[in-house]
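*Asks:* predicted model follows, preceded by the sequence.
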Amino acid sequence: MTPSTIARSSFADDVRHYLQLRPRQLPSQYLYDTLGSALFDAICELPWYRITRAESRLLARHREQIFSHLPGLMNIVELGPGDGRKLRTLVEGTTEPLTAHLVDVSAGALARAAHTLSDALHIDVVTHEASFESGLDTIAREIRRSAAADATATGSAGRTLVLFLGSNIGNFDPPASAALLDRIAAVLQRGDAFLLGADLVKPERDLLIAYDDPLGVSAAFNLNVLLRINRELGGNFDLRGFRHRAAWNAALSRMEMFAVSTRRQHVRIEALGLQLDLEEREPIWTESSYKYTAEGLIDQLENAGFETVAQWIDREDPFALTLARKRT
Ligand code: AVI
């Protein structure tokens with residue numbers, strides 16, 4: 001079974017399962033079909049969504065310093081490289097030859113990222129069309145195999161840096177993010193490193209406009225998941241019967257996105273044999289985006305077995321880049 005067939009069968013299973021929960025839900029990973037990914041790229045260009053620019057500024061400003069903490073670095077692994085621009089910005093901080101392993105379930109995203117990196121001549125790009133977990137396992141095996149061969153030839157084995165940028169961690173709930181950090185730590189060797197980009201808590205009005213922008217791009221990004229169900233699973237969602245809602249949940253420190261039914265309506269999803277009766281104002285919860293404190297990020301990394309080497313914060317648009325090293 002290829003990763004894309006796994007993704008498709010779990011889309012159907014997940015839609016069936018999550019749409020029948022109360023409150024109804026759809027996992028946020030399904031926002032990213034071809035149109036959803038293009039809409040997310042557009043969100044990153046909006047003046048109100050500042051994560052991407054804040055992180056790029058930090059990477060450009062501190063990249064030499066980041067590499068100065070990583071002597072003997074040979075491999076960079078990026079989980080969810082997007083269009084590849086973040087990694088492109090980072091690797092301009094070194095002239096050392098490196099292998100970049102890009103992990104994503106989307107072949108299209110991997111091709112785009114590889115293309116963005118193609119003129120960085122010191123970077124050898126290897127793509128892995130896989131989930132983060134299975135990609136990490138495959139890469140760890142490959143790196144260990146070639147490190148063993150290198151160590152025999154040169155007496156040294158190179159270090160690995162894992163990147164998880166763009167505040168992608170924010171779309172994992174606390175147990176899932178702890179599990180992912182544990183998994184990353186488990187595949188790394190002592191002295192290998194992890195660079196985490198995460199969005200920080202900021203005033204509510206800044207968060208609300210970032211997730212509900214005046215141009216309506218966030219709304220289109222959100223409601224597109226219903227269109228995807230229509231297209232891929234034979235659903236009959238009438239998108240005019242839904243509106244986008246973004247809300248700050250202060251108690252759980254997260255932004256939440258919903259597709260809210262504007263009237264009582266009946267929806268059929270042919271491929272699932274599923275019928276839904278939605279009430280007026282009934283929400284379908286489509287995404288959570290956790291926001292952190294700088295100290296909270298250090299604690300999470302410590303709990304997963306990392307020690308923080310450095311943390312850089314963009315004060316203009318609160319965002320943190322944290323470099324940590326595997327402890328034992
Ligand atoms: C990809 N992820 C980190 C974005 C976020 O901010 O949670 C997705 C997004 N959702 C709405 N706008 C952007």
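*Replies:* Looks like it came in fine.
*Asks:* contacts for stretch 298-309?
*Replies:* Residues from elsewhere that reach stretch 298-309, judged by CB atoms under 8 Å, 6 or more residues apart in numbering: 69, 177-178, 181-182, 184-185, 193-194, 196, 292, 311, 322-328. (Each C-beta comes from the backbone N, C-alpha and C, glycine too.)
*Asks:* and the ligand, which of the residues you listed reach it?
*Replies:* With CB under 6 Å from any ligand atom as the criterion, these include none near the ligand.
*Asks:* list only those of those residues flagged as buried.
*Replies:* Buried members of the contacts of stretch 298-309, counted by 16 or more other CB atoms under 10 Å: 177, 181, 184-185, 193-194, 196, 292, 311, 322-326.
*Asks:* what about the residues you listed, which are in helices?
*Replies:* If you go by DSSP state H, the buried ones among the contacts of stretch 298-309 have Ser177, Leu181, Ile184, Ala185 in helices.
*Asks:* I figured Gln25 hits Pro283, correct?
*Replies:* No: in this structure Gln25 lies outside contact range of Pro283 using CB atoms under 8 Å: 9.3 Å.
*Asks:* show me which residues of the stretch 151-300 of the chain sit near the ligand.
*Replies:* Contacts of the stretch 151-300 of the chain with the ligand, taken as CB under 6 Å from any ligand atom, map to Gly166, Ser167, Asn168, Gly170, Asn171, Tyr211, Ser218, Glu287, Ser289.
*Asks:* what is the nearest of these to Glu316?
*Replies:* Of all those, Ser167 has the smallest distance to Glu316: 15.8 Å, by CB to CB.
*Asks:* and the pLDDT at the closest one?
*Replies:* pLDDT, Ser167: 98.
*Asks:* list the contacts of it.
*Replies:* Here Ser167 is in contact with Ile51, Glu55, Gly197, Ala198, Asp199, Ser289, Phe319 (CB under 8 Å, 6+ apart).
*Asks:* quickly list what the fifth one is bridged to.
*Replies:* Read it as Asp199. Beta bridges link Asp199 to Phe319 when assigned by DSSP bridges.
*Asks:* could you verify my assumption that it touches Ile51?
*Replies:* Yes: contact criterion CB under 8 Å: Asp199 and Ile51 qualify, at 5.3 Å.
*Asks:* specify the beta-bridge partners of the closest residue to the ligand within the chain.
*Replies:* In the chain, the residue that lies nearest the ligand is Ser289 (3.3 Å; CB to the nearest ligand atom). Listed beta-bridge partners, Ser289: Met255 (assigned using DSSP bridges).
*Asks:* is it possible to get a markdown table of the buried ones among the contacts of stretch 298-309 that adds distance to Trp248 and pLDDT?
*Replies:* Formatted as a markdown table, these follow (distance: CB to CB, whole Å; pLDDT from 0 to 100):
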| residue | distance to Trp248 | pLDDT |
| --- | --- | --- |
| Ser177 | 19 | 97 |
| Leu181 | 25 | 98 |
| Ile184 | 28 | 97 |
| Ala185 | 31 | 96 |
| Ala193 | 33 | 98 |
| Phe194 | 28 | 98 |
| Leu196 | 22 | 98 |
| Tyr292 | 14 | 98 |
| Gln311 | 24 | 98 |
| Thr322 | 23 | 98 |
| Leu323 | 29 | 98 |
| Ala324 | 28 | 98 |
| Arg325 | 34 | 98 |
| Lys326 | 34 | 97 |
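*Asks:* residue ranges with poor pLDDT in this protein?
*Replies:* 1-9, 150-157 (pLDDT under 70).
*Asks:* list the contacts for the residue most central in space within it?
*Replies:* The residue lying closest to the centre of the chain (CA atoms, centre = their mean) is Asn168, at 3.0 Å. Counting by CB under 8 Å, 6+ apart, Asn168 touches Leu79, Gly80.
*Asks:* what ranges do the strands span in the protein?
*Replies:* For the chain, the strands defined by DSSP state E cover 24-25, 73-79, 98-104, 123-129, 159-164, 193-199, 242-249, 254-261, 265-269, 274-278, 283-290, 306-314, 319-326.
*Asks:* format those strands as a markdown table; extra columns: distance to Asp137.
*Replies:* Converted to a markdown table, the strands of the chain look like this (distance: least, CB to CB, whole Å):
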| stretch | distance to Asp137 |
| --- | --- |
| strand 24-25 | 28 |
| strand 73-79 | 11 |
| strand 98-104 | 10 |
| strand 123-129 | 10 |
| strand 159-164 | 13 |
| strand 193-199 | 16 |
| strand 242-249 | 34 |
| strand 254-261 | 29 |
| strand 265-269 | 34 |
| strand 274-278 | 34 |
| strand 283-290 | 25 |
| strand 306-314 | 19 |
| strand 319-326 | 16 |
